[in-house]
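**Q** Dropping a prediction and its sequence here:
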Amino acid sequence: MPTGYARMAIESQPGNEVNTPTLSTKKLFPPLQSLQPTRGESPLSRDDELRNVDEPLAVIPESYSPTWEMSVRAYPDTMGMLFSLILGVPTTTAGDGIITDLGGSVIPTNAYRHRFTAPFGPSGPSPRTAQLDLAYADQGVYLKAKGAAASDLTLETPEQGGANVKANGPALYLDEQSDPGLSPSYEALSIPPFFRGNLTVPGLAGGGATQDFGLSINNPVEALRTLGIASLYPDTMFKDNDGGPIVVSGTMPKELLDSTDLAALKAATGFELLASWVSTAIIASGYPYKMFFKAANAQYVEGTPDALANKRRHGASYSWKSTTTSSGSSTFEVVNATASYA
């Protein structure tokens with residue numbers, strides 16, 4: 001049996017080669033499909049030097065630009081942690097038989113509502129970052145990444161295979177470490193990931209039937225070398241100076257072409273969008289695990305009808321973006337059995 005694991009913990013500040021951030025009490029061992037760490041070696045080439053040598057000169061280490069990329073199914077606890085990394089600290093409220101979820105259902109005791117509402121955090125010049133401890137246990141190789149920011153997260157719910165999540169971004173440090181001796185602990189096998197049968201997306205009132213739904217979160221960040229420390233790695237993770245705010249967008253192809261959708265695209269008409277994933281697994285008192293995305297003002301920003309052809313059905317493809325006319329453009333919510341992501 002192959003063995004190995006990855007552990008994710010949120011840092012109190014972006015970790016680099018020399019500092020030691022405090023790690024969150026909440027730590028996640030995601031049930032990975034894959035996690036690709038890349039140190040990003042960029043050695044110094046000296047072949048342009050005049051040395052009267054007709055051969056390539058030995059390169060020497062000059063800089064590293066680490067990145068990471070994760071693929072995992074959308075399990076309830078995993079989504080809470082990934083949203084916490086890319087969107088900032090959620091507002092967490094314990095169920096009490098009074099508070100409700102974004103779908104309007106009452107949340108019972110022993111369930112917890114984690115709500116992320118735009119404008120997303122944290123405030124200040126730096127994004128949230130995580131430490132990743134990676135164990136290639138069968139090979140006896142152990143890696144540590146620090147200052148890992150999530151620049152992009154995509155969520156798709158295909159017909160088969162469960163809801164898929166991909167997240168990636170830059171990091172400030174990635175190198176080998178001694179065996180951290182961690183014991184992985186995963187979400188219970190009795191808790192399934194969200195999947196297609198869990199998902200409902202009403203879409204634009206009067207529009208065509210929704211064929212599929214996908215969303216992406218773009219969090220513009222950049223790893224910089226500020227000369228604050230002597231290191232071959234970048235030392236500071238910043239929000240991108242020219243990148244703008246965190247943007248939520250996605251796709252919504254339609255089974256049938258409808259003039260309501262075409263008119264909304266032409267006029268940039270805003271509409272409320274609520275995507276709901278309701279699990280088959282129960283947290284407590286008959287209440288299931290849930291995940292929501294709500295756009296207060298979704299707008300089609302691109303689209304086209306299917307080519308006219310000898311077909312019984314002609315649909316259309318649309319791309320949407322969550323925007324604001326005042327505040328609170330986007331809200332993500334996960335209701336699960338995790339008490340805190342602090």
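**A** Alright, I've got the coordinates.

**Q** CA atoms for contacts and neighbours, from now on please.
**A** Will do.

**Q** Could you tell me the per-residue confidence at A149?
**A** Note for A149: predicted pLDDT of 98.

**Q** ok, now the one 5 residues further on?
**A** Per-residue confidence at T154 stands at 98 (pLDDT).

**Q** likewise the one 5 residues further on?
**A** E159 carries a pLDDT score of 96 in this model.

**Q** ok, now the one 10 residues further on?
**A** You'll see G169 listed with a pLDDT of 98.

**Q** which strands and helices sit next to the helix or strand where it lies?
**A** Using DSSP states H and E, G169 falls within strand 164-170. Secondary-structure packing of strand 164-170 (3 or more CA pairs under 8 Å, 6 or more residues apart in numbering; DSSP states H and E): strand 67-73, strand 152-156.

**Q** contact partners of the longest one?
**A** Contacts made with strand 67-73 from outside it, assessed by CA atoms under 8 Å, 6 or more residues apart in numbering, are listed as 30-40, 148, 162-171, 193-194.

**Q** Drop anything exposed from those.
**A** With burial judged by 16 or more other CA atoms under 10 Å, the buried subset of the contacts of strand 67-73 is 30-31, 35, 37-39, 148, 162-171, 193-194.

**Q** Quick check: longest helix in this structure by residues?
**A** The longest helix of the chain (DSSP state H) is helix 76-87.

**Q** Report the strands that pair with whichever helix or strand comes after that one, each with its relative direction.
**A** Sequence order places strand 91-94 as the next helix or strand after helix 76-87, per DSSP H and E. Note on strand 91-94: by DSSP bridges, its sheet partners are strand 112-117 (antiparallel).

**Q** relative orientation of the partner strand and helix 76-87 in degrees?
**A** Per axes from the mean of the first three to the mean of the last three CA atoms, to 10 degrees, the angle that strand 112-117 makes with helix 76-87 is 30 degrees.

**Q** Convert the C-alpha atoms of stretch 234-251 to PDB, please.
**A** Backbone C-alpha positions of stretch 234-251 (Å, rounded to 0.1, in the frame of the first residue of the first chain) are rendered in PDB as follows:
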ATOM      1  CA  PRO A 234      11.600  35.300  -2.000                       C
ATOM      2  CA  ASP A 235      11.000  36.600   1.500                       C
ATOM      3  CA  THR A 236       7.600  38.400   1.300                       C
ATOM      4  CA  MET A 237       4.200  37.500  -0.100                       C
ATOM      5  CA  PHE A 238       2.200  40.500  -1.200                       C
ATOM      6  CA  LYS A 239      -1.200  41.100  -2.800                       C
ATOM      7  CA  ASP A 240      -0.400  41.900  -6.400                       C
ATOM      8  CA  ASN A 241       0.100  45.600  -6.700                       C
ATOM      9  CA  ASP A 242      -1.700  45.800 -10.000                       C
ATOM     10  CA  GLY A 243      -3.900  42.700  -9.600                       C
ATOM     11  CA  GLY A 244      -7.100  44.300  -8.200                       C
ATOM     12  CA  PRO A 245      -9.500  42.500  -5.800                       C
ATOM     13  CA  ILE A 246     -10.300  38.900  -5.400                       C
ATOM     14  CA  VAL A 247     -12.600  38.000  -8.400                       C
ATOM     15  CA  VAL A 248     -15.200  35.200  -8.500                       C
ATOM     16  CA  SER A 249     -16.300  34.200 -12.000                       C
ATOM     17  CA  GLY A 250     -17.300  31.100 -13.800                       C
ATOM     18  CA  THR A 251     -19.100  29.400 -16.700                       C
END
